[in-house]
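A.B. asks: Build the 3D model from these lines:
(one chain, ligands or ions: 2)
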Amino acid sequence: MTADAPALPGSYAAVHAASLADPERFWGEAAGAIDWVEGPGRAFDAEAGVYGRWFPEARLNACHNLVDRHVAAGRGGQAAIIHDSPATGTKRQITYAALQDEVATLAAVLAGLGVARGDRVILYMPMVPEALFGMLACARLGAIHSVVFGGFAANELATRIADAAPKVVLAASCGIEPSRTVAYKPLLDAAIAACPHKPDACLILQRPQAPAEMVEGRDIDWSAAVARAREAGRRAGCVPVAATDPLYILYTSGTTGKPKGVVRDTGGYLVALAWSMENLYGVRPGEVYFCASDIGWVVGHSYIVYAPLLIGCTTVLYEGKPVGTPDAGALWRVAAEHGAACLFTAPTALRAIKKEDPSSALARGYDLSGLRSLFLAGERADPDSVAWAERVLERPVVDHWWQTETGWAIAGNPLGLGLLPVKHGSACVPMPGYDVRVLDEGGRPVPPDTMGTIAIRLPLPPGCLPTLWGSDERMRASYLATFPGHYDTSDAGVIDADGYVTVLGRTDDIINVAGHRLSTGGMEAVLAAHPDVAECAVIGIRDALKGEQPCGFVVLKSGVERAPDEIERELVALVRERIGPVAAFKLALTVKRLPKTRSGKILRATMKRIADAEPWTMPATIDDAGVLDEIGESLKERGISG
Ligand code: COA
Ligand code: AMP
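C.D. replies: Ligands and ions are numbered 1, 2, ... in the order given. This next block holds a predicted model:
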């Protein structure tokens, strides 16, 4: 199959069955969508890596596949990137030919700074084209990029710099939020100061909204360096790498404060993404794809950057919000103006739009005739919002489920193979290569419609993480140890008799705030570090807009005489300072005691049920039953249901 060939024939059921019956053959055929320097050869080696490796004999370059081959095939004049930025009031188109020039030149700058195959480069950047140039320039050199979301604080950035040990950092001077300009450079400086590893250089993109002070001997002006390289005619070529070489590391919340460095390999990822574009999203080369996420998240990596460019689409890079930039018609405006065939966003964005424009008057003002589908991911798509979007758009609205770890959808409704009946609340059916099971605590499969932990029988399909950065052991312990022979998704849910998967929530301490994955353990560590706090518990409580919002309960040390509300304000500020505004931590409640079992385990699940006004029963193992009533009372005092 070439990039311009039609979708794989056959119904979903036949395709999924074929992928499980003979994975090597299935993915070997799908590999025809990629340009290889060598291979692809054998599709899978079960003996390699932690659970096997995809395309162990092949060599390729990702940047060649995303950029150069399209220019060579005559797409040079087509827009590769449309940057639509209500944040700055600008719009910019970059053709594939211009993208090739930008990326080859920036790669030459990076090579001049000593960046080579296998080196790490951290990006701390907003939604600007230069961020994509940076990611692709790394891929061109065989270097490994790691993008850190701009809403994270210096401390989180420092943790990632320490773990990835980058040779170079690419950063912009600022990001632009509707309410304020966020100066990134002081955060970067603080992160580097706090970190034992020091990068050799930082390439800084100066933005006029908040130019940065440069650090002599370390910081380099991005535009000037690129201009010098261009003047000197310096351009870097594509370096062939092993298909199993890491393309990027993306850090995501684990249950501890230490984030997990999810490794994405090169060959398998591109094969899976190419399959998904035509068969899951039903999008063809040359069309416009609009994913309104952020490059700091996995959705942004896969469907703002890699997948659309891989098959020769135009990708829309949107530097704005679903509401407030300027109004709740923003996503419809962008989709209409640029002729997007597919729109991909998070349910929280849809809820925000619905809240501001319930009658969808704004949507009716735009010509959305070119839009064929709306895809949702990042959190469970609530049936009300899906039904609302179906009424507004009168076209398929597809919920699909995935994780940073998997890199692409585990389950979804494969539009390109023919839309399956939609069941609101369900993420539909497993994608090829995913043998999805629901297991009980003992690892036994449960009957249809019975809740359990969702696991995937090994091997995971191409695109999924082969390991965690620098730690095969953590990979095994985090994902493979609970249910031998399976990957533990840490999501709970059910599969019905038709094979539809419904994801109901996490089985661990991860919460999902506005589609952002956050660790309550990480927040607890920050609260516990406050000198007046004796102990604490953070839970995610239901929020009509963001799905969940974090709520911290703290018990103060005996003898602390300061006013609790003053300490609570400090705690809110501390989480913002240590983790970042993205944590959206606004609620700290002082309580006398925390509810615990006799063995000392904090009853977080029961606290959550109380906060969410769900029926709950008094746990038999509770140490002191009165504590739960106190928790309910303090929630009520704050206007939370209790
Ligand atoms: N850089 C710096 N700060 C950022 C940021 C960035 N890239 N992104 C978000 N923030 C800040 C916000 O300004 C906000 O700060 P505040 O506390 O000062 O208001 C805070 O982080 C929380 O942001 P967010 O959770 O995004 O809430 P919001 O109030 O800005 O917007 C929605 C609400 C629903 C419109 C918004 O959450 C949204 O559209 N989310 C989409 C989620 C998404 O795409 N997820 C990706 C998974 S697919
Ligand atoms: P992240 O790694 O940030 O993409 O977050 C992954 C987690 O988000 C998953 O483990 C789920 O808990 C949740 N999630 C993502 N998409 C969905 C979905 N469509 N339905 C339900 N939960 C989802």
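A.B. asks: Which pLDDT value goes with residue 617?
C.D. replies: Note on residue 617: pLDDT of 87.
A.B. asks: Counting neighbours, what do you get for it?
C.D. replies: 7 (other Cβ atoms under 10 Å). Placement of C-beta: from N, CA and C, glycine included.
A.B. asks: How is it assigned, secondary-structure-wise?
C.D. replies: The local conformation at residue 617, judged by DSSP: H, G, I helix; E, B strand; the rest coil, is coil.
A.B. asks: Let me see the domain layout of the chain.
C.D. replies: Structural domains assigned to the chain are 98-239, 514-637, following automatic domain parsing.
A.B. asks: The last one close to ligand 1?
C.D. replies: Yes - under the criterion of Cβ under 6 Å from any ligand atom, ligand 1 is reached by domain 514-637 at 514, 515, 516, 545, 581, 582, 584.
A.B. asks: Can you give me the first-to-last residue distance of that domain?
C.D. replies: 25 Å (Cα to Cα, to the nearest Å).
A.B. asks: Quickly check: it near ligand 2 or not.
C.D. replies: Yes - Domain 514-637 reaches ligand 2 (Cβ under 6 Å from any ligand atom) through residue 517.
A.B. asks: residue ranges of the helices in the stretch 1-150 of the chain, please?
C.D. replies: Under the criterion DSSP state H, counting those that start in this stretch, the stretch 1-150 of the chain contains helices at 12-21, 23-30, 62-63, 69-70, 96-112, 129-141.
A.B. asks: packing partners for the second one?
C.D. replies: With contacts defined as 3 or more Cβ pairs under 8 Å, 6 or more residues apart in numbering; DSSP states H and E, the secondary structure elements packing on helix 23-30 are helix 12-21, strand 44-45, helix 267-279.
A.B. asks: swap in the first one?
C.D. replies: Using 3+ Cβ pairs under 8 Å, 6+ apart as the contact criterion, the secondary-structure elements in contact with helix 12-21 are helix 23-30, strand 429-430.
A.B. asks: ok, and what's touching the helix or strand just after the shortest one?
C.D. replies: The one in question is strand 429-430. Counting by DSSP states H and E, the element after strand 429-430 in chain order, helix or strand, is strand 436-439. Outside strand 436-439, the residues within contact range by Cβ atoms under 8 Å, 6 or more residues apart in numbering are 410-411, 430, 445-446, 450-457, 483, 486, 493-495, 501.
A.B. asks: Repeat the analysis, applying 7 Å as the threshold.
C.D. replies: For strand 436-439, contacts defined as Cβ atoms under 7 Å, 6 or more residues apart in numbering pick out 410-411, 430, 445-446, 450, 452-457, 483, 486, 493-495, 501.
A.B. asks: and if you look at stretch 71-91?
C.D. replies: For stretch 71-91, the external contacting residues (Cβ under 7 Å, 6+ apart) are 92-97, 99-100, 128-129, 132, 176, 286, 309, 312, 314-320, 325-326, 330, 334, 338.
A.B. asks: what's the answer for stretch 562-571, then?
C.D. replies: With Cβ under 7 Å, 6+ apart as the criterion, stretch 562-571 contacts 527, 530, 532, 552, 554, 556, 588, 590.
A.B. asks: What is the neighbour count of the spatially closest residue to residue 234 that is not a sequence neighbour?
C.D. replies: Leaving aside its sequence neighbours, residue 234 sits nearest to residue 108 (Cβ to Cβ, 6 or more residues apart in numbering; 4.0 Å). Neighbour count for residue 108, taken as other Cβ under 10 Å: 23.
A.B. asks: So residue 108 versus ligand 1, what's the distance?
C.D. replies: Applying Cβ to the nearest ligand atom, to the nearest Å, the value for residue 108 to ligand 1 is 29 Å.
A.B. asks: list the contacts for residue 388?
C.D. replies: Contacts for residue 388 (Cβ under 7 Å, 6+ apart) come out as residue 354.
A.B. asks: Any part of the strand or helix carrying it near ligand 2?
C.D. replies: Applying DSSP H and E as the criterion places residue 388 in helix 383-393. No - counting by Cβ under 6 Å from any ligand atom, ligand 2 has no neighbours in helix 383-393; the shortest distance is 10.6 Å.
A.B. asks: which of the residues of domain 514-637 next to ligand 1 tops the neighbour count?
C.D. replies: Within the residues of domain 514-637 next to ligand 1, residue 516 tops the neighbour count with 23 neighbours, counted by other Cβ under 10 Å.
A.B. asks: That one is in contact with residue 580, isn't it?
C.D. replies: No - between residue 516 and residue 580 there is no contact under Cβ atoms under 7 Å: 10.1 Å.
A.B. asks: before we move on, back to that, can you list the helices and strands packed on helix 12-21 in TSV and add mean pLDDT and mean neighbour count?
C.D. replies: Shown next, in TSV, are the helices and strands packed on helix 12-21 (pLDDT from 0 to 100; neighbours: other Cβ atoms under 10 Å):
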stretch	mean pLDDT	mean neighbour count
helix 23-30	98	19
strand 429-430	96	22
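A.B. asks: Contacts for the worst-scoring helix or strand of the chain on mean pLDDT, please.
C.D. replies: Within the chain, no helix or strand scores below helix 626-637, which has a mean of 91 by mean pLDDT, DSSP states H and E. Helix 626-637 is contacted from outside by 589, 591, 592, 593, 595, 606, 607, 610, 611, 641, 642, using Cβ under 7 Å, 6+ apart.
A.B. asks: per-residue confidence at the last one?
C.D. replies: Read it as residue 642. 55.
A.B. asks: With ligand 1 as the reference, name the closest of the helices and strands packed on helix 12-21.
C.D. replies: strand 429-430 (19.9 Å; Cβ to the nearest ligand atom).
A.B. asks: Check this protein for me, the residue farthest from its geometric middle.
C.D. replies: residue 559 (43.5 Å; Cα atoms, centre = their mean).
A.B. asks: Spell out the secondary structure type for that one.
C.D. replies: coil.
A.B. asks: Residue 584 reaches residue 547, doesn't it?
C.D. replies: No - taking contacts as Cβ under 7 Å, residue 584 lies outside contact range of residue 547: 10.8 Å.
A.B. asks: coming back round to it: of the contacts of stretch 71-91, select the buried ones using a ChimeraX command.
C.D. replies: A single ChimeraX command is used to select the members of the contacts of stretch 71-91 judged buried by 16 or more other Cβ atoms under 10 Å:
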select :94,95,96,97,99,100,128,129,132,176,309,312,314,315,316,317,318,319,320,325,330,334,338
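A.B. asks: Which of the contacts of stretch 71-91 fall in strands?
C.D. replies: Within the contacts of stretch 71-91, residues falling in strands by DSSP state E are 92, 93, 94, 95, 176, 314, 315, 316, 317, 318.
A.B. asks: all helices of the stretch 351-500 of the chain, in order?
C.D. replies: 361-364, 383-393, 472-475.
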